[in-house]
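**Q** the sequence and its predicted three-dimensional model are supplied below.
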Amino acid sequence: MSSLTSFKQIPLDEMTKEDLGLLAKVVSLEDPGMDPDQIYSMLASGQMVPWRVETKKGNSILCTEVKNKRHEKTLYVWYLCGKGIVGNGKYILDTLEAYGKLMGCSAIEALAMKGWAKYLTRPEGGFKVEHVFLKKELQNG
């Protein structure tokens, strides 16, 4: 039985403090060169679209962006984090795939944390690893 209660695009003015907190958290983990205020500006301009995943276990947030890449449109999925995502992954992916097709995209690319990346690269997920982002903490000294 699915714990999903809702998965939809949300208008910027409906983003909650919880949504913004999740977004700020994942931006700092996944994209340390990006400031959450920059993401908010991209959302406000319509360059990125926020989505909320609501489940019985808690909420999640993600953002999508359509970009032209190598003469084709690609749907980028950014900053996916929160609770209850993986258990509802097939529905979320099917919805994002349909949205990407509606927007004229020929591919989906995602920046994902390890757990979500593991899920996406399973055979039924259909994703393949194209880039690896690595990080090493530097000690003063």
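**A** Ah, there it is.

**Q** what is the end-to-end distance of stretch 62-75?
**A** 13 Å (C-alpha to C-alpha, to the nearest Å).

**Q** so for it, what gets flagged as buried?
**A** Using 16 or more other C-beta atoms under 10 Å as the test for burial, stretch 62-75 gives 62, 63, 64, 66, 74, 75. Just so you know, the C-beta spots here come from the backbone N, C-alpha and C atoms, and that holds for glycine as well.

**Q** before we move on, what about stretch 71-91?
**A** Neighbour counts over stretch 71-91 (16+ other C-beta under 10 Å) mark 74-85, 87-89 as buried.

**Q** quick check: end-to-end length of it?
**A** Across stretch 71-91, first to last residue, C-alpha to C-alpha, it's 29 Å.

**Q** can you map out the helices along this protein?
**A** Remark: helices assigned in the chain by DSSP state H are 17-30, 36-45, 89-102, 114-120.

**Q** can you list these in JSON lines and add distance to residue 51 and mean pLDDT?
**A** Formatted as JSON lines, the helices of the chain follow (distance: least, C-beta to C-beta, whole Å; pLDDT from 0 to 100):
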{"stretch": "helix 17-30", "distance to residue 51": "10", "mean pLDDT": "77"}
{"stretch": "helix 36-45", "distance to residue 51": "11", "mean pLDDT": "84"}
{"stretch": "helix 89-102", "distance to residue 51": "8", "mean pLDDT": "90"}
{"stretch": "helix 114-120", "distance to residue 51": "14", "mean pLDDT": "78"}
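
**Q** which one of the ones you listed lies closest to residue 7?
**A** With C-beta to C-beta as the criterion, residue 7 lies closest to helix 89-102 of the helices of the chain, at 6.0 Å.

**Q** quick one: distance of that closest one to the chain centre.
**A** Chain-centre distance of helix 89-102: 12 Å, with C-alpha atoms, centre = their mean, to the nearest Å.
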